[in-house]
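Undergrad: next one to model:
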Amino acid sequence: MLQEPTVMLDNLVLSLSDSLDLIHPCAVDHQQRVAYIALRIAKAMGYRPAGQADLMYASVLHDIGLLSVEEKILSMNADSKDEGRHAEIGADLLRRFSSFSKASQIVRIHHRSWSDESGQDEAEDIIRTLANMLSLADHVDRVVIRETEILGQAKAVVEGVSQLAGKEFSPEIIQCFRELAAEESFWLDFDSPRIYSVLSGMAQWPRVELDLHAMEEIAKIFCRIVDFRSRFTSTHTAGVAGVARELARRMCFSGKGCRLMLVAGYLHDLGKVAVPNAILNKPGKLDPEEFDVIRAHTYHTYHILSTIGGFEEIAIWAAFHHERLDGKGYPFHVRGEDIPLGSRIMCVADVFTAVTENRPYRKGTGRNETLPILQNMARSGSLDDNVVRVLTENYDEIDRMRSDVQEISASEYSDFMSQKTGAGRKK
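TA: The predicted model follows:
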């Protein structure tokens, strides 16, 4: 019997943060290094565990509003001018999950200068101070030269930050940072390739165990991050997740199993955060080098999700969606019975959704074109014929459900784009 996994929020957030920093060598571990500095400051200044937790969530997800590889690379430049736009977008994404309520507020103002008007009450001032810790930490990581030995840079970094006291950053926060920065261990931990473990070891905040509803909500946030990067894929993940859940239900999965299938569907293309928009939006057929970039996304999906305790089965269901029963899939070339039923369902859901939706280079297929594609793949030993049979027998209902889910997602994307194009003007 399928058991409901035990998943801790901090573990899930740290692992998903990895996915956002996956996109380019210049960004690897960026958010976790930022979280390390911000949390060291918060701890030294005596902030309570709950406040540290909110700061940790905000820090490791502060770049969640940067939806493309190109935007992320640009943002890593210390002189980037796009802070207001991506902070607003990130805050809007995070506010959709109740445990991220205060983290969302921190992210929204984390690029606001300290010299700007202070909050109107104590609660606002706490958010403002935590956001400024995050801002200082983000600044430090962006000015550090990754290819240069860290201890040799420490003095210049501290002096540069100190010049911004009372302007960009709180004098009290800068003084705390200066005291921490006097320790070599502070910089060596910051620069450690084991920053995930360092950060995990700092945790003294309340441990939050997620229920299925919470897992669905967080997974849907990351679904939006993947899908909303391109108008051509803006509804894909939502469609796959809905179809996979419906197929699982019709193949007698338990209620819990169906909900876990939905989570896996929301996360199945998570590794695509590493794919440049220039490839995702290409109006024609991909060349071999571009397709190699695409093929790596399931590998990344697997390794991100498999680091989350309790997500072992979800990781396999999600990441094996391009494996094939005949062993000709990718990236692991798993075959036959080594591909679990959940993954076989995801394979069919992905192919079905992909061929029925419009893409830059073709229009989506209708029933008379879709079913032969799926049935031919089943006959050739690529897809599971039992799963294809269930879809065939219930085609109209499943296709209608897919269409409804994707219509809702399209509306959300339209609202998102309106907010995105206007966010740059917000202060």
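Undergrad: what about the helices in the stretch 1-150 of the chain?
TA: Ranges of helices in the stretch 1-150 of the chain, per DSSP state H, counting those that start in this stretch, are 9-20, 30-44, 49-60, 69-75, 83-94, 101-108, 122-143.
Undergrad: show me where pLDDT drops low in the stretch 251-400 of the chain?
TA: The model of the stretch 251-400 of the chain has pLDDT under 70 over residues 360-361.
Undergrad: now the strands for it?
TA: Using DSSP state E, counting those that start in this stretch, the stretch 251-400 of the chain contains no strands.
Undergrad: where in the stretch 1-150 of the chain is pLDDT low?
TA: The model of the stretch 1-150 of the chain has pLDDT under 70 over residues 1-3, 23-26, 69, 77-84, 118-120.
Undergrad: hmm, residue 4 and residue 256 touching each other?
TA: Yes: contact criterion C-beta atoms under 8 Å: residue 256 and residue 4 qualify, at 5.4 Å. Placement of C-beta: from N, CA and C, glycine included.
Undergrad: now do the shared contacts for these two.
TA: Both residue 256 and residue 4 are in contact with residue 212, where contact means C-beta atoms under 8 Å, 6 or more residues apart in numbering.
Undergrad: out of the helices of the stretch 1-150 of the chain, flag the one nearest residue 403.
TA: Using C-beta to C-beta as the measure, helix 83-94 is the one of these that comes nearest residue 403, at 25.1 Å.
Undergrad: angle of that closest one against helix 9-20?
TA: If you take axes from the mean of the first three to the mean of the last three C-alpha atoms, to 10 degrees, helix 83-94 sits at 130 degrees to helix 9-20.
Undergrad: with adjacent residues omitted, what lies nearest to residue 174?
TA: Take residue 174 and drop its neighbours on the chain: the residue closest to it by C-beta to C-beta, 6 or more residues apart in numbering is residue 165, 4.7 Å away.
Undergrad: how many residues are close by the one you found?
TA: Residues lying near residue 165 (other C-beta atoms under 10 Å) number 16.
Undergrad: repeat for residue 254
TA: By other C-beta under 10 Å, the residues close to residue 254 number 13.
Undergrad: use 524 as the first number for this chain going forward.
TA: From this message on, residue numbering opens at 524, which makes the last subject residue 777.
Undergrad: burial of residue 701, as a residue count?
TA: 14.
Undergrad: just residue 896 next, same as before
TA: Neighbourhood size, residue 896 [other C-beta under 10 Å]: 17.
Undergrad: for residue 919, same thing?
TA: Residues contacting residue 919 under the criterion other C-beta under 10 Å number 9.
Undergrad: contacts only, for it.
TA: By C-beta under 8 Å, 6+ apart, residue 919 lies in contact with residue 890.
Undergrad: if I look at it, how far off is residue 925?
TA: Residue 919 sits 11 Å away from residue 925, going by C-beta to C-beta, to the nearest Å.
Undergrad: domain parsing for the chain?
TA: Using automatic domain parsing, the domain parsing of the chain gives 530-732, 738-946.
Undergrad: and the last one, how far out from the chain's middle?
TA: Domain 738-946 has its C-alpha centroid displaced from the chain centroid by 16 Å (C-alpha atoms, centre = their mean, to the nearest Å).
Undergrad: go on, the first one?
TA: Here domain 530-732 is found 17 Å from its chain centre; the criterion is C-alpha atoms, centre = their mean.
Undergrad: which one is residue 859 nearest to, not counting chain neighbours?
TA: Distances taken as C-beta to C-beta, 6+ apart place residue 848 nearest to residue 859, at 5.9 Å, with adjacent residues excluded.
Undergrad: next up, phi/psi of the one you found, please.
TA: Residue 848 adopts backbone torsions of phi -60, psi -30, taken as degrees, to the nearest 10.
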